[in-house]
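Asks: Fold the stuff below for me.
(one chain, ligands or ions: 3)
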Amino acid sequence: MTERFKRVHIIVLDSVGVGEATDAAKYNDEGCDTLGHTAAAMNGLTLPNLEKLGLANIRPEQPIQGVHVQKKPLAYYTKMHEVSAGKDSMDGHWEMMGLPVLTPLHTFPKGFPDELIQQIEAFSGRKVIWNKPASGTEIIKKFGERQMKTGELIVYTSGDSVLQIAAHERIIPLEELYKICEYARELTIPEPYHLGRVIARPYVGDNADNFERTANRRDLTLVPPEKTVLNFLQDAGIDTLAIGKINDIFSGKGINEGWHTESNEDGMERFITLLDRDFHGLNFTNLVDFDAKYGHRREPVLFGKALESFDRQLGQALDKLRADDLLVITADHGNDPGFRGTDHTREFVPLLVYSPSFTTGKALPVRETFADLGATVADNFDTEKPKVGSSFLNDLK
Ligand SMILES: O=P(O)(O)O[C@H]1O[C@H](CO)[C@@H](O)[C@H]1O
Ligand SMILES: [Mn+2]
Ligand SMILES: [Mn+2]
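Replies: Residues are numbered from 1 along each chain as shown. Ligands and ions are numbered 1, 2, ... in the order given. This is a model prediction of the structure:
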């Protein structure tokens, strides 16, 4: 094998954007800044490990309260712009693996057409309620007690291309919910729907005051229409490991082994465990709590605490890295907890690239597409290259 790094570990801090993208206005997202607003809400973030890698160096002109620019950052650093039409997780992750989503997926701000709802009702034998955009935690507060009595399905959407079904686990058993979601997934692949995702949103609890969503969430994503870098690696016999919702986002395509996780902490524990494994290839990890638990909920202080907790576990991971490891820390979009609404925000994402073999880090040019990351991974393992993206492997000295 001719690869430079034997193991590449990508950690996606889901929704941790680093400031508005150049096309933010098109998304009505001018002024968003996930990291900056989170740091301000915390009166400063304590992120010693991200700091020493060079997190603040990515945007010295926009200080991140509490995180300092390093004279000698350990990592290569920059930010990446998205070329995909949407700002959802699917667009972001597919683009990272060389497959930008250039045709916009459809969103349904007024709810889904009656025809689709009727098909779901006929299949499930359950009535559908709501069928409009909503925050997932608010909608179960509003309709959960009613659902416990009637067994109706709570269908909702958001600014993303998603159809979500919230269901109390005791009233609509998980297996049944998954079947209904799979049916809805089949119906919404073709036009006029062409939906990015159908998501099962189970929850538990006795009443509106203590309803809680569970880790049994399932994301049924469109199957990538073309091969991604994950396929190129797999085709070349190189390991592809996935932690968190990566497996769902790629519908399992190109992934040899995947682990669902319960939380960021759980995801990082799995990540750290895998550092002891002698694999050869890519470990692609997504930490979704930033997004699902704090970004959409517009909870900047909890968002900040989650970053600090990640940073502590990152410290343990850094201690285990070997000279021929490459660690990449990035994100898939923004979700500014200090911004209006409850949707994702169109932002640049961070790119920190570190190996213990580096003597020092440095600035990399700003990336025009997330696909540069996939191109770099393909370059490292000398596999087929994605059509989009330029490798920065040779910039890493
Ligand atoms: O409000 P909740 O249910 O967390 O849903 C959010 O999570 C979905 C997937 O990221 C987004 O489309 C948004 O609707
Ligand atoms: Mn995401
Ligand atoms: Mn989200």
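
Asks: quick one: contacts for the closest residue to ligand 1 within the chain?
Replies: Relative to ligand 1, the nearest point of the chain is residue 136 (1.9 Å; Cβ to the nearest ligand atom). All C-beta spots, glycine's among them, are computed from the backbone N, C-alpha and C. Contact analysis of residue 136 by Cβ atoms under 8 Å, 6 or more residues apart in numbering lists 156, 164, 166, 201, 213, 296.

Asks: what secondary structure does the third one sit in?
Replies: So the one you mean is residue 166. Under DSSP: H, G, I helix; E, B strand; the rest coil, the three-state class of residue 166 is strand.

Asks: so what's it bridging to?
Replies: residue 154, residue 201 (DSSP bridges).

Asks: please renumber so the chain begins at 25
Replies: All set: I'll call the first residue 25, so the last point we hit is now residue 190.

Asks: What confidence value was assigned to the residue of the chain closest to ligand 1?
Replies: Each residue has a pLDDT score; the one for residue 160 is 96.

Asks: Next, find the distance separating it from residue 58.
Replies: To residue 58, residue 160 is 19 Å away according to Cβ to Cβ, to the nearest Å.

Asks: Look up how far residue 203 lies from residue 325.
Replies: In terms of Cβ to Cβ, residue 325 sits 39 Å off from residue 203.

Asks: ok, now residue 408?
Replies: Residue 408 is 37 Å from residue 203, by Cβ to Cβ.

Asks: what's the answer for residue 265, then?
Replies: Residue 265 is 29 Å from residue 203, by Cβ to Cβ.

Asks: Those two: who's more crowded?
Replies: residue 265 (23 against 14; other Cβ atoms under 10 Å).

Asks: Hmm, the more buried one is touching residue 307, no?
Replies: Yes. Counting by Cβ atoms under 8 Å, residue 265 touches residue 307, with 4.5 Å between them.

Asks: what residues do these two have in common as contacts?
Replies: residue 298.

Asks: number of nearby residues for residue 108?
Replies: Residue 108 - counted by other Cβ under 10 Å - has 24 other residues nearby.

Asks: excluding its backbone neighbours, what's nearest the residue in the stretch 75-224 of the chain positioned nearest to ligand 2?
Replies: Closest to ligand 2 within the stretch 75-224 of the chain is residue 113: 3.1 Å, counting by Cβ to the ion. Leaving aside its chain neighbours, residue 113 sits nearest to residue 356 (5.2 Å; criterion: Cβ to Cβ, 6 or more residues apart in numbering).

Asks: hang on, isn't that neighbour packed against residue 374?
Replies: No. Assessed by Cβ under 8 Å, residue 356 is found out of contact with residue 374, at 11.1 Å.

Asks: If you count surrounding residues, which of the two has more?
Replies: Using other Cβ under 10 Å as the criterion, residue 356 and residue 374 rank with residue 356 on top: 30 against 24.

Asks: quick one: contacts for that one?
Replies: 36, 38-39, 113, 115-117, 120, 310, 373, 394.

Asks: My guess is residue 279 contacts residue 268. True?
Replies: No. Contact between residue 279 and residue 268 fails when scored by Cβ under 8 Å: they sit 11.7 Å apart.

Asks: With neighbour numbers in mind, choose between the two.
Replies: Set side by side, residue 279 and residue 268 show more neighbours around residue 268, with 28 against 21, by other Cβ under 10 Å.

Asks: Could you tell me the phi and psi values at the residue nearest to the more buried one when sequence neighbours are not counted?
Replies: Closest residue in space to residue 268, ignoring its immediate chain neighbours: residue 310 at 3.8 Å, by Cβ to Cβ, 6+ apart. Backbone torsions for residue 310, taken as degrees, to the nearest 10, come to phi -120, psi 130.

Asks: Now do residue 310, the pLDDT please.
Replies: Residue 310 is given a pLDDT of 98.

Asks: Now do the contacts for residue 377.
Replies: Residue 377 touches 99-101, 350-352, 385, 388, 416, 420, counting by Cβ under 8 Å, 6+ apart.

Asks: most neighbours, which of those residues?
Replies: Highest neighbour count within these: residue 99, with 27 neighbours (other Cβ under 10 Å).

Asks: residues contacting it?
Replies: Taking Cβ under 8 Å, 6+ apart, one finds 77-78, 353, 376-378, 382, 385 in contact with residue 99.

Asks: Just flag the most distant two among these.
Replies: Spatial extent of these (Cβ to Cβ) is set by the pair 353 and 382 at 14.3 Å.

Asks: Compare the two (neighbour count), which wins?
Replies: Neighbour count, other Cβ under 10 Å: between residue 353 and residue 382, residue 353 has more, with 25 against 17.

Asks: Residue 153 against residue 167, yeah?
Replies: Yes. Between residue 153 and residue 167 a contact is recorded at 6.1 Å, counting by Cβ under 8 Å.
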